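> With the sequence up front, the predicted model follows.
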Amino acid sequence: MTSAAPATVLVFLDPEFPNGRIADASQPQLMATDQGATRGDGVFESLLAVAGHPRKLQAHLDRLEGSARHLDLHIPGQDSWRLAIATALTEYRGKHPSVDPVEDEAVVKLLVTRGVEGSSGPTCWVQVSPVPAAGRRQRETGVDVILLDRGYDSEAGERAPWLLLGAKTLSYAVNMAALRYAHKQGADDVIFTSADGRVLEGPTSTVLLAHVQSVDDGGASRTVKRLITPQLDSGILPGTSQGALFTAAKAAGWELGYGPLEPQDLLDADAVWLISSIRLLAPVNHIDGKEIGTPALRKQLTAELSELFARTE
């Protein structure tokens with residue numbers, strides 16, 4: 001078995017340890033019969049911690065509970081998760097103090113499996129590790145993406161809830177396969193489309209697009225900025241980062257919209273982004289080889305939205 005990276009910290013939720021049980025990440029910790037390993041049966045969340053403070057924690061805890069309900073998983077209460085997260089971050093920062101406040105970031109994962117076969121409860125733990133360098137870089141340089149058919153129509157989530165399309169499950173093999181396929185095509189990422197031609201989401205992100213328009217307002221010209229994301233009832237995962245950014249953008253005067261979106265809407269946009277909790281706001285430079293908007297406007301809008309997003313908790 002390959003050892004975990006020394007920088008990783010693990011804290012298991014354990015009734016005998018109210019603040020969480022610290023485990024050695026360099027040693028095996030999961031039973032081979034755990035259904036998370038044998039069946040991918042479980043849920044998870046990933047969030048960013050900055051200077052030891054987890055961002056948008058409440059939204060992630062709420063979504064973890066929602067995903068667990070989809071799978072009929074009974075998980076510990078939010079207070080238990082908060083205590084374990086605090087323990088993990090304290091341990092991580094004690095081992096890896098940062099001298100650069102700009103780089104004082106960490107990935108916090110909350111993981112739940114159905115547990116060992118025949119057991120009466122789930123296996124739950126918190127994992128803290130460094131932010132991948134590629135994610136940091138893509139915030140600045142942007143990404144090239146390709147469109148891929150997910151194979152379901154946009155109403156499949158409502159028609160067949162057992163597909164778990166609105167839950168963040170451990171069954172990420174398809175998402176990872178899509179990313180590997182994109183890399184083989186020379187792209188960085190993917191935007192999924194539905195079988196009926198609707199824009200959905202990225203394998204690990206939410207899709208956003210913007211339109212900027214000058215309108216005549218009683219003889220005076222004003223700029224209208226509109227931020228749009230796919231419909232949330234189309235079988236996609238509700239984005240915690242997208243929700244926070246929409247709240248901040250609305251307060252700053254942006255107009256908001258929720259699909260339905262088709263691929264041509266992406267190609268016609270002034271800017272497109274993939275937003276996620278760890279990578280944050282990554283501008284899309286090209287989709288299927290076609291440049292989106294112009295570099296100058298893309299950069300301007302990315303800077304504006306990134307500043308708004310940075311103010312959210």
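On my side now, so go ahead. Everything numeric in this text was worked out from a predicted model, so none of it was measured.
> Where does pLDDT dip in this protein?
1-6, 98-102, 216, 219 (pLDDT under 70).
> Show me what counts as buried in the top helix by length along it.
Longest helix in the chain, counting residues (DSSP state H): helix 78-95. For helix 78-95, the buried set under the neighbour-count rule, 16 or more other CB atoms under 10 Å, comprises 80-93. C-beta coordinates here come from the backbone N, C-alpha and C atoms, glycine included.
> which among those gets closest to Gly115?
Using CB to CB, Ser80 comes nearest to Gly115 of these, at 15.7 Å.
> Number of residues surrounding the closest residue to the closest one other than its chain neighbours?
Closest residue to Ser80 apart from its sequence neighbours, by CB to CB, 6 or more residues apart in numbering: Leu13 at 5.5 Å. Neighbour count for Leu13, taken as other CB atoms under 10 Å: 24.
> and what of the one 5 residues further on?
Burial of Pro18 is recorded as 13 neighbouring residues (other CB under 10 Å).
> How about the one 10 residues further on?
In terms of burial, Pro28 registers 11 neighbours under the definition other CB under 10 Å.
> Correct me if wrong, but it is in a helix.
No: assigned with DSSP: H, G, I helix; E, B strand; the rest coil, Pro28 falls outside any helix and is coil.
> Which parts of this protein are helices?
35-38, 57-70, 78-95, 133-141, 156-159, 173-184, 240-251, 263-268, 295-310.
> Mind putting these into a markdown table with distance to Trp125?
As requested, the helices of the chain are exported to a markdown table (distance: least, CB to CB, whole Å):
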| stretch | distance to Trp125 |
| --- | --- |
| helix 35-38 | 10 |
| helix 57-70 | 13 |
| helix 78-95 | 8 |
| helix 133-141 | 22 |
| helix 156-159 | 28 |
| helix 173-184 | 21 |
| helix 240-251 | 20 |
| helix 263-268 | 37 |
| helix 295-310 | 28 |
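> Those helices: which one's closest to Leu208?
Using CB to CB, the helices of the chain put helix 240-251 closest to Leu208, at 6.6 Å.
> Please point out which parts of that closest one sit buried.
Within helix 240-251, the residues scored as buried using 16+ other CB under 10 Å are 240-246, 248-249.
> okay if I get those residues as TSV plus distance to Phe44?
Compiled in TSV, the buried residues of helix 240-251 are given as follows (distance: CB to CB, whole Å):
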residue	distance to Phe44
Thr240	13
Ser241	16
Gln242	18
Gly243	18
Ala244	19
Leu245	22
Phe246	24
Ala248	26
Ala249	28
